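**Student:** Would you be able to build a 3D model of this:
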Amino acid sequence: MTKYYKLGALLLFVIIILVSAFSCGPSVTQEEYDRLLGELNDAERQLASLQRNLAEVEKIEAQYEDLSTQFEELNTRFIELKKQNDINLKELDTIQSQYDELKKKYDAIVKQSGAISTEDVEQALFDLINQTRIDNGLEVLLPGEHIYDIAKANNIAMVEAKEYKYSPEAGWQEIFWAAGYDTADAVANGALLIWKSNIDGFNQSILNINAIYGAVSAYKSGDIIYITYISHVFS
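**Tutor:** Down below sits the predicted model:
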């Protein structure tokens, strides 16, 4: 802006000189007049150039104002997103803590269930079945070697198929998948509780008055204990 003031003053001075030249007549020489006229033309050109520069500066200032507005909007949005991100991170930390706690419990359960012997599970469940039969006035089942092999094969078939399966061999059957138990007795009680929920099936398999032999096979794969119970009139 200082340049504009200086240039304006120069133009005013030149104009005053020219006016004085016309008014004073012979006191201003032609040479002096031409020099002042040249300075006036040069000043006008500089003024025009400065005006163009000023227009460009004003355009840049307008762009700057627009960018400043956009920056303020983006900065406001950034602050909002940062606040939300901080909230999400806190929630993530909470979820992570909950996950870590549950994983500790799960690992403890798996470790305990891993210590369970399948032989202990078989014996505990077989004894529980016979005690249930005694409580209902029935004879205890005798161990069946052949049907035990059938029950074991059925467990392996379930492991391979990853689904519940019943053996196509004749006999009365029950199956159960155990996970998360810490003792063989807990597995046995869990299996019997599930089987009892189906009264008709329980009466036909566990409380069958015609059954003479029984077998319980337990097979562990990963964290799961697969159980197949079979009773039959033959061993």
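
**Student:** Which helix or strand in the protein has the lowest average pLDDT?
**Tutor:** Within the chain, no helix or strand scores below helix 2-24, which has a mean of 57 by mean pLDDT, DSSP states H and E.

**Student:** and after that helix, which helix or strand comes next?
**Tutor:** Remark: after helix 2-24, the chain's next helix or strand is helix 30-114, criterion DSSP states H and E.

**Student:** Can you name every helix or strand that that next one contacts?
**Tutor:** The contact analysis (3 or more C-beta pairs under 8 Å, 6 or more residues apart in numbering; DSSP states H and E) places helix 30-114 against helix 2-24. C-betas here are computed from N, CA, C, even on glycine.

**Student:** give the contact list for the residue nearest in space to the middle of the chain.
**Tutor:** With distances taken as C-alpha atoms, centre = their mean, residue 92 lies nearest the centre of the chain, 9.2 Å away. Contacts for residue 92 (C-beta atoms under 8 Å, 6 or more residues apart in numbering) come out as none.

**Student:** cool, and residue 211?
**Tutor:** Neighbours of residue 211 in contact, by C-beta under 8 Å, 6+ apart: 141, 172, 231, 232, 233.

**Student:** Against residue 85, how distant is the residue nearest to the centre of the chain?
**Tutor:** Per C-beta to C-beta, to the nearest Å, residue 92 is found 10 Å from residue 85.

**Student:** What of residue 218?
**Tutor:** 51 Å.

**Student:** The two: who's more crowded?
**Tutor:** Neighbours were counted for residue 218 and for residue 85 using other C-beta atoms under 10 Å; residue 218 has more, 28 against 10.
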